[in-house]
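Okay, here's the prediction I keep looking at, along with the sequence it came from:
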Amino acid sequence: MNKWLQHKMQHKFHPTPVNFLPQHLYIYEGEDKVIDYILHFEHLDKEFSALMRKFNLDDKVQLKKAGRVNSGQSGVEQRLTVDDLDDTTKRMIDKYAGKDFDMFGYERGPYLG
């Protein structure tokens, strides 16, 4: 995983598939925020429900639970964390997506020293 990520970031994900663009590019045009509502994946249930209530859609639109993710060939669920990344990859991610961390309120790891 580390080698794959490093290779992609060194080549700036070229040709750039949209799912690898820094996330702030979907939200901001320059310094202007063009999206009204940002939901965080780690709080998706809570934030999505609150958004649906805001528009009186809570009884009409609900999230469905997805099946398992990151399951390997053995069928055993695997969870990747920041601990699976080496320091080189972490630094590259910080350089590539650091603005996302800052704009969306995420802490950068202590590994950057």
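Good, I have the coordinates.

what's the distance between the helix or strand harbouring residue 92 and the middle of its chain?
Here residue 92 sits within helix 87-103, counting by DSSP states H and E. Using CA atoms, centre = their mean, to the nearest Å, the mean C-alpha position of helix 87-103 is found 12 Å from that of the whole chain.

How about stretch 1-9?
Counting by CA atoms, centre = their mean, stretch 1-9 comes out at 16 Å from the chain centroid.

What are the buried residues along that stretch?
5-6, 8-9 (16 or more other CB atoms under 10 Å). The way it works is simple: take the backbone N, C-alpha and C, and place the C-beta from them, glycine included.

what do you get for stretch 34-43?
Under 16+ other CB under 10 Å, stretch 34-43 has no buried positions.

This protein: strands as residue ranges?
28-29, 32-33 (DSSP state E).

Name every strand pairing with the last one and say which way it goes.
By that I understand strand 32-33. Paired neighbours of strand 32-33 in the sheet (DSSP bridges): strand 28-29 (antiparallel).

Name the surrounding residues that touch the partner strand.
Identification of contacts with strand 28-29 by CB atoms under 8 Å, 6 or more residues apart in numbering yields 34, 103.

Relative to the whole chain's centre, how far out is it?
That offset, for strand 28-29, works out to 17 Å (CA atoms, centre = their mean).

Same list (the buried residues of stretch 1-9) but as CSV, adding distance to residue 107 and pLDDT.
Written out in CSV, the entries for these read as follows (distance: CB to CB, whole Å; pLDDT from 0 to 100):
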residue, distance to residue 107, pLDDT
5, 20, 84
6, 22, 83
8, 24, 77
9, 20, 76
